[in-house]
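Asker: My questions concern the predicted model and sequence given below.
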Protein chains: 2
Amino acid sequence: MANAIHHINFLVRDLSQAIPVWERILDQPVAAREELESRGIISARFNLGGTWLVLVQPTRADTVPARHLEQHGEGFFLLSLEVDSLDAEADRLGQDWLSGPARQGIENWHIQDLDVGRTFGAQIQFAIEG
Amino acid sequence: MANAIHHINFLVRDLSQAIPVWERILDQPVAAREELESRGIISARFNLGGTWLVLVQPTRADTVPARHLEQHGEGFFLLSLEVDSLDAEADRLGQDWLSGPARQGIENWHIQDLDVGRTFGAQIQFAIEG
């Protein structure tokens, strides 16, 4: 089962503009900045009570984040739920709930995306670290 | 400053369809169902590690949630940040960061919305309980 919210991603066109605004709202400095070449993004994140808020800027056009930004504009992108085992959740739900195989996230995060066609417009995924 | 994520709202057209899907994904039953007549919504919520995930269905057309659903479709609606004082945050940011006065949320939640024009497409608000 999902234990907590691991992270929430927000798409932005320009990280350098978005970071100071989020720092102002949250009243804390950005905690980490990363690049995930396999996903075609650069990111910056804040931690709020154990949950990561991640700002994501696509760096090339042929990716899921870039297509989402193109179609929907800036704003919320996805909700990532912390679980104990990606395999156990995949077995519990069944393959037809999943969107592709498990994949690498930023840092040591491992991700299983769910099929957005089932989730009433919400991009949802499971995540574990390590 | 923001201490934690108080709740995250997702707009749906039909709560009765969305609830069983979210129950399946989260592997937990819905924790509470409510109506907030002043906002024109019915809602159902789950708790994940201290954060509420709230499914929101508009019940009439002339409201902020209904207009957001009309313009953006189903999916993520807003991010609500837990703070110690709505007044202190309003003073810290200044009036031009706010969208209207503080208002009542569901249950005993009190809400201060931020101006979405400043937040790169993300609807953000502050919340306190009590």
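Answerer: That came through, no problem. This structure is a prediction, so every number in the text was calculated from the model and none was measured.

Asker: What residues of stretch A:122-130 count as buried?
Answerer: Across stretch A:122-130, burial judged by 16 or more other Cβ atoms under 10 Å in any protein chain shown covers A:122, A:123, A:124, A:125, A:126, A:127, A:128. Any C-beta I mention is one placed from the backbone N, CA and C, and that applies to glycine too.

Asker: Keep only those of those that are also close to chain B.
Answerer: Contacts with chain B within these, as defined by Cβ under 8 Å from any Cβ of the partner chain: A:122, A:123, A:124.

Asker: Dump these to TSV, plus pLDDT.
Answerer: Listed next are these as TSV, based on pLDDT from 0 to 100:
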residue	pLDDT
A:122	92
A:123	93
A:124	96
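
Asker: got the angle between the helix-or-strand element of chain A with minimal mean pLDDT and helix B:64-72?
Answerer: Lowest by mean pLDDT, DSSP states H and E among the helices and strands of chain A is helix A:64-72, with a mean of 93. Put simply, helix A:64-72 runs at 100 degrees to helix B:64-72, going by axes from the mean of the first three to the mean of the last three Cα atoms, to 10 degrees.

Asker: For helix A:64-72, buried residues please.
Answerer: Buried residues in helix A:64-72 (16+ other Cβ under 10 Å): A:64, A:65, A:66, A:68, A:69, A:72.

Asker: Which member of the ones next to chain B among the buried residues of stretch A:122-130 is positioned nearest chain B?
Answerer: residue A:122 (5.0 Å; Cβ to the nearest Cβ).

Asker: ok, now which ones touch the closest one?
Answerer: When contacts are counted by Cβ atoms under 8 Å, 6 or more residues apart in numbering or on different chains, residue A:122 touches A:79, A:116, B:10, B:74, B:75, B:76.

Asker: Three-state assignment for it, please.
Answerer: Secondary structure assignment for residue A:122 (DSSP: H, G, I helix; E, B strand; the rest coil): coil.

Asker: wait, which of the contacts of residue A:122 is closest to residue B:36?
Answerer: Nearest to residue B:36 among the contacts of residue A:122: residue B:10, at 15.3 Å, using Cβ to Cβ.

Asker: Quick check: bridge partners of the closest one?
Answerer: Legend: beta-bridge partners of residue B:10 under DSSP bridges are residue B:55, residue B:76.

Asker: quick one, strands of chain A?
Answerer: Along chain A, counting by DSSP state E, strands occupy A:4-11, A:32-36, A:41-48, A:51-58, A:75-82, A:103-104, A:109-113, A:124-129.

Asker: contacts for the fifth one?
Answerer: Strand A:75-82 has contacts (Cβ under 8 Å, 6+ apart) with A:2-11, A:56, A:65, A:68, A:111, A:122-128, B:8, B:25-26, B:48-49, B:53, B:75-76, B:79, B:120-123.

Asker: now the angle between helix A:64-72 and that strand, please.
Answerer: Interaxial angle, strand A:75-82 versus helix A:64-72 (the same axes, to 10 degrees): 140 degrees.

Asker: and the angle from strand A:75-82 to strand A:4-11?
Answerer: 160 degrees.

Asker: Now do the same for strand A:75-82: mean pLDDT, whole number.
Answerer: Averaged across strand A:75-82, pLDDT comes to 96.

Asker: That one to strand A:124-129, inter-axis angle?
Answerer: For strand A:75-82 against strand A:124-129, the angle by the same axes, to 10 degrees is 50 degrees.

Asker: Equivalent analysis for the fourth one, please.
Answerer: Here strand A:51-58 points in a direction 110 degrees away from that of strand A:124-129 (the same axes, to 10 degrees).
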